[in-house]
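*Asks:* Structure for this input, please:
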Amino acid sequence: MKSNSRILIAGSNGCVGSAIVRKLQEKGYNNLHFGTRKEVDFTNQLDTLHFFNEVRPKYVFLAAARVGGIMDNKTYPANFIYDNLMIQSNIINCSHKFAVKKLLFLGSSCIYPRLAEQPIKEDALMTGKLEPTNEAYAVAKIAGIQLCKSYRQQHGSNFISAQPCNIYGPFDTFNETSSHVVGSLLYKFHNAKINNDPFVECWGDGTPYREFLHVEDLADACLHLMKFYEGDDIVNVGPGVDYTIKQLAEKVAKVVGYDGEIKWDTSKPNGMPRKLLDVERLHNECHWKHMIELDEGLEKTYKWYLENN
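*Replies:* Numbering: from 1, shown residues only. Got it, this is the predicted structure:
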């Protein structure tokens with residue numbers, strides 16, 4: 001991939017896509033195309049076809065997706081499965097039609113069975129039942145992985161898939177209902193501090209374990225995989241370390257400077273009991289490791305939040 005190669009970052013306005021844009025610009029890539037919602041509706045096949053015909057990218061980072069937290073996934077499962085299936089199918093098919101040299105599809109750690117053996121190896125895919133709270137989203141992501149594999153098998157397309165753990169950082173969503181866990185907790189604790197609330201109520205019971213990767217690290221991993229990884233197999237992307245949600249909440253409270261009580265609403269779902277990715281392939285075959293530890297990443301994210309909200 002040369003500095004003047006035509007590169008499409010689908011989903012460039014989102015947390016992950018915008019980080020990939022910044023990483024590419026930092027590394028000197030200067031022929032970037034974004035496919036913003038004003039330019040193209042990737043859920044529309046004809047619209048996507050016309051966009052690819054005009055831009056004719058040679059490399060594609062497929063970060064476009066409908067995303068959200070547990071409650072959003074439970075409330076709008078039809079939207080999650082339909083939108084993601086359409087976005088993926090249209091971009092992957094057009095990448096084949098217009099002879100894209102390489103495509104990186106971003107999946108999710110939720111593709112793995114709810115009770116998968118920990119840490120979760122890539123070959124655990126489709127070996128058990130999914131977590132019900134985000135099943136529709138997971139099925140769509142699994143379909144995207146299979147699309148990439150099928151185009152590789154049938155057409156020799158150089159389409160690869162990466163499965164990141166929980167992502168957080170700049171340009172994430174920060175609210176109580178549609179955010180992922182880090183964005184939601186930062187929002188809750190910040191407002192509690194501003195309002196002098198005596199306690200913050202968090203969802204679930206705090207016992208599930210989750211793995212967190214700063215989006216700047218994910219962007220670096222994506223560029224590394226695009227440049228160097230040519231394998232047929234999917235690749236897990238994460239730091240290989242997990243924390244309970246209770247530990248995360250305590251870290252967020254410390255970063256925000258909130259010293260009130262933390263309560264737990266056990267009527268809300270926990271999700272999977274644990275999601276720790278096995279990153280041996282990422283470390284040993286792909287030769288990439290994360291740089292930003294969770295404490296530093298939370299501080300950077302909260303600083304960005306204060307400056308932009």
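*Asks:* how far does the least confident helix or strand in the chain by mean pLDDT sit from the chain's center?
*Replies:* Scoring the helices and strands of the chain by mean pLDDT, DSSP states H and E places helix 70-75 at the bottom, with a mean of 78. With Cα atoms, centre = their mean, to the nearest Å as the basis, helix 70-75 stands 16 Å off its chain's centre.
*Asks:* In it, which residues are buried?
*Replies:* For helix 70-75, burial by neighbour count (16 or more other Cβ atoms under 10 Å) applies to Ile70, Met71, Asp72, Asn73, Lys74. For glycine as for every other residue, the C-beta is placed from the backbone atoms N, C-alpha and C.
*Asks:* And the helices in the stretch 101-250 of the chain?
*Replies:* For the stretch 101-250 of the chain, applying DSSP state H, counting those that start in this stretch gives helices covering 135-155, 181-195, 215-228, 245-256.
*Asks:* how about those helices in JSON lines, adding distance to Phe105 and mean pLDDT?
*Replies:* Formatted as JSON lines, those follow (distance: least, Cβ to Cβ, whole Å; pLDDT from 0 to 100):
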{"stretch": "helix 135-155", "distance to Phe105": "5", "mean pLDDT": "97"}
{"stretch": "helix 181-195", "distance to Phe105": "23", "mean pLDDT": "95"}
{"stretch": "helix 215-228", "distance to Phe105": "10", "mean pLDDT": "98"}
{"stretch": "helix 245-256", "distance to Phe105": "28", "mean pLDDT": "97"}
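*Asks:* So, low pLDDT: which residues of this structure?
*Replies:* Regions of the chain meeting the criterion pLDDT under 70 are absent.
*Asks:* Closest one of the buried residues of helix 70-75 to Cys165?
*Replies:* For the buried residues of helix 70-75, the minimum distance to Cys165 (Cβ to Cβ) is 15.6 Å, reached by Ile70.
*Asks:* wait, what's in contact with that closest one?
*Replies:* The contact partners of Ile70, taken as Cβ atoms under 8 Å, 6 or more residues apart in numbering, are Thr133, Asn134, Trp203, Lys268, Pro269, Gly271.
*Asks:* Was I right to think the fifth one contacts Thr133?
*Replies:* If I follow you right, that is Pro269. Yes - with contact defined as Cβ atoms under 8 Å, Pro269 counts as touching Thr133 (5.3 Å).
*Asks:* who's more crowded, those two?
*Replies:* A direct count of neighbours by other Cβ atoms under 10 Å for Pro269 and Thr133 places Thr133 higher, at 20 against 17.
*Asks:* Was I right to think the more buried one contacts Lys74?
*Replies:* Yes - assessed by Cβ under 8 Å, Thr133 is found in contact with Lys74 at 5.5 Å.
*Asks:* any shared contact partners between the two?
*Replies:* With Cβ under 8 Å, 6+ apart as the test, Thr133 and Lys74 both reach Pro269.
*Asks:* if I pick Gly156, what's in contact with it?
*Replies:* Taking Cβ under 8 Å, 6+ apart, we find Gly156 in contact with no residue.
*Asks:* Now with 10 Å, please.
*Replies:* Residues near Gly156 by Cβ atoms under 10 Å, 6 or more residues apart in numbering: His96.
*Asks:* Leu225 now?
*Replies:* Leu225 makes contacts with Phe61, Lys102, Leu104, Ile160, Ser161, Ala162, Gly231, Val235, Val237, Leu282, Cys286, Trp288, as judged by Cβ under 10 Å, 6+ apart.
*Asks:* Can you turn the buried part of these into a PyMOL selection?
*Replies:* PyMOL command restricting the contacts of Leu225 to the buried ones, with burial defined by 16+ other Cβ under 10 Å:
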select buried, resi 61+102+104+160+161+162+235+237+282+286+288
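*Asks:* how about the contacts of Leu225 in TSV, adding distance to Ala10?
*Replies:* Formatted as TSV, these follow (distance: Cβ to Cβ, whole Å):
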residue	distance to Ala10
Phe61	7
Lys102	14
Leu104	10
Ile160	15
Ser161	14
Ala162	14
Gly231	22
Val235	19
Val237	18
Leu282	23
Cys286	22
Trp288	22
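*Asks:* In strands, which of the contacts of Leu225 fall?
*Replies:* Cross-referencing the contacts of Leu225 against strands under DSSP state E gives Phe61, Lys102, Leu104, Ile160, Ser161, Ala162, Val235, Val237.
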